[in-house]
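Visitor: sequence unavailable; structure follows:
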């Protein structure tokens, strides 16, 4: 998908991959060139529900372009990160089938649901762009998630090493301190490259969910073929909420692993004997773990965790309450004509709409 531009050469040195650059250029141009027609179609179409539906895709185009700019900007930092992460002896883990489902199958299914809503020339015009804007963020989720899981597994392995050691020497304590410094540097490099993209991704998921909620609330007729519209709205909404939860769960797993490491280091410092050199090193490590936590930073907000999920879920719940309690459907110009050119326009029609 052009999100990873480097590969390891035959001599073990990381170099720029030409095929990755080609994907980077093609998909980046698709997203960039999709912005003008999407904006024009949104303002030319009289249907308000269409404008609301197009807003997340326009945001997605900008997000993809921004992500590709960051890929090019931080390509040298990525090489340094991969070289530093090469010393981590982390086993390969994860289910390939689930990765394929999250990265390709679900995004393509959601893109198909969106394309069904289009008719005529718009369906052919937006097919490449909507497929791209569905696949690229999903691939970036898996890309960031795999790195975070690797770093989390390194923390877990270090905690297990601390817990399993029965006799502490000064050299052993210093080695644990050195391993922690190495992981702290890796987290710093990761957050430098991905914290802004992670923040914008969460904002994009929030925009998607609010958009689908608004369209579902605006439906007047749930019978006949309008039942298909409900399915086409609920499937993407479910996928967005699940992806949002998964991102926050990955961030929370890092925090839990860090807390386990901190508890193991404190216990080891006590067991090493108060006043011994190894105990002093471990106590200093515990202090640094508390002062400089290992976490996935969410630019502009607190670290990515379960609290992030709770707070943004509160925003969604508040939005639903506002729609149900304080908004009226007839205050929005959903359609100008019951039999408009857009499919499913009649699902938003009622006698009150024309009055």
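Guide: Noted; the coordinates are in hand. Since this is a predicted model, take the numbers as computed values, not measurements.

Visitor: CA only for contacts and neighbour counts going forward, please
Guide: OK.

Visitor: does residue 7 belong to a helix, a strand or coil?
Guide: Put simply, residue 7 is strand when judged by DSSP: H, G, I helix; E, B strand; the rest coil.

Visitor: got the contact list for it?
Guide: 14, 15, 16, 17 (C-alpha atoms under 8 Å, 6 or more residues apart in numbering).

Visitor: now swap in residue 290 and tell me
Guide: Contacts for residue 290 (C-alpha under 8 Å, 6+ apart) come out as residue 262.

Visitor: can I get the buried ones among the contacts of residue 7 as something I can paste into ChimeraX?
Guide: Those of the contacts of residue 7 that meet the burial criterion (16 or more other C-alpha atoms under 10 Å) are gathered into one ChimeraX selection, given here:
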select :14,16
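
Visitor: I'd like the contacts of residue 7 as TSV, with secondary structure and pLDDT appended.
Guide: As requested, those are exported to TSV (DSSP: H, G, I helix; E, B strand; the rest coil; pLDDT from 0 to 100):
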residue	secondary structure	pLDDT
14	strand	75
15	strand	74
16	strand	75
17	coil	75
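
Visitor: ok, the contacts of residue 7 vs residue 125, which is closest?
Guide: Set against residue 125, the nearest of those by C-alpha to C-alpha is residue 17 (30.3 Å).

Visitor: next up, the contacts around the closest one.
Guide: 5, 6, 7.

Visitor: I figured residue 277 was touching residue 170, is that so?
Guide: Yes - using C-alpha atoms under 8 Å, residue 277 is in contact with residue 170, at 6.0 Å.

Visitor: more neighbours: which of these two?
Guide: residue 277 (18 against 15; other C-alpha atoms under 10 Å).

Visitor: neighbours of residue 96, how many?
Guide: By other C-alpha under 10 Å, neighbour count at residue 96 equals 9.

Visitor: quick check: the gap between it and residue 104.
Guide: From residue 96 across to residue 104, the span is 12 Å (C-alpha to C-alpha, to the nearest Å).

Visitor: what sits up against the one helix or strand residue 109 maps to?
Guide: Under the criterion of DSSP states H and E, residue 109 resides in helix 106-116. Contact partners of helix 106-116, identified using C-alpha under 8 Å, 6+ apart, comprise 123, 126-127, 130-131, 134-135, 138, 232-233, 235-236, 239.

Visitor: tabulate these in a markdown table, adding columns for pLDDT, distance to residue 21 and neighbour count.
Guide: Converted to a markdown table, these look like this (pLDDT from 0 to 100; distance: C-alpha to C-alpha, whole Å; neighbours: other C-alpha atoms under 10 Å):
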| residue | pLDDT | distance to residue 21 | neighbour count |
| --- | --- | --- | --- |
| 123 | 72 | 28 | 15 |
| 126 | 75 | 24 | 17 |
| 127 | 81 | 23 | 16 |
| 130 | 84 | 21 | 25 |
| 131 | 84 | 20 | 18 |
| 134 | 85 | 20 | 23 |
| 135 | 87 | 17 | 23 |
| 138 | 88 | 19 | 18 |
| 232 | 83 | 35 | 20 |
| 233 | 84 | 35 | 20 |
| 235 | 86 | 33 | 15 |
| 236 | 84 | 30 | 21 |
| 239 | 85 | 30 | 18 |
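
Visitor: from the residues you listed, pick the one nearest residue 260.
Guide: For those, the residue nearest residue 260 by C-alpha to C-alpha is residue 138; the value is 30.1 Å.

Visitor: mind checking pLDDT for residue 352?
Guide: You'll see residue 352 listed with a pLDDT of 48.

Visitor: repeat for residue 162
Guide: pLDDT, residue 162: 84.

Visitor: and residue 108, by the same measure?
Guide: 84.

Visitor: give me the number of residues near the residue nearest to residue 202 when sequence neighbours are not counted?
Guide: Closest residue to residue 202 apart from its sequence neighbours, by C-alpha to C-alpha, 6 or more residues apart in numbering: residue 244 at 7.1 Å. Counted by other C-alpha under 10 Å, the residues lying close to residue 244 total 21.
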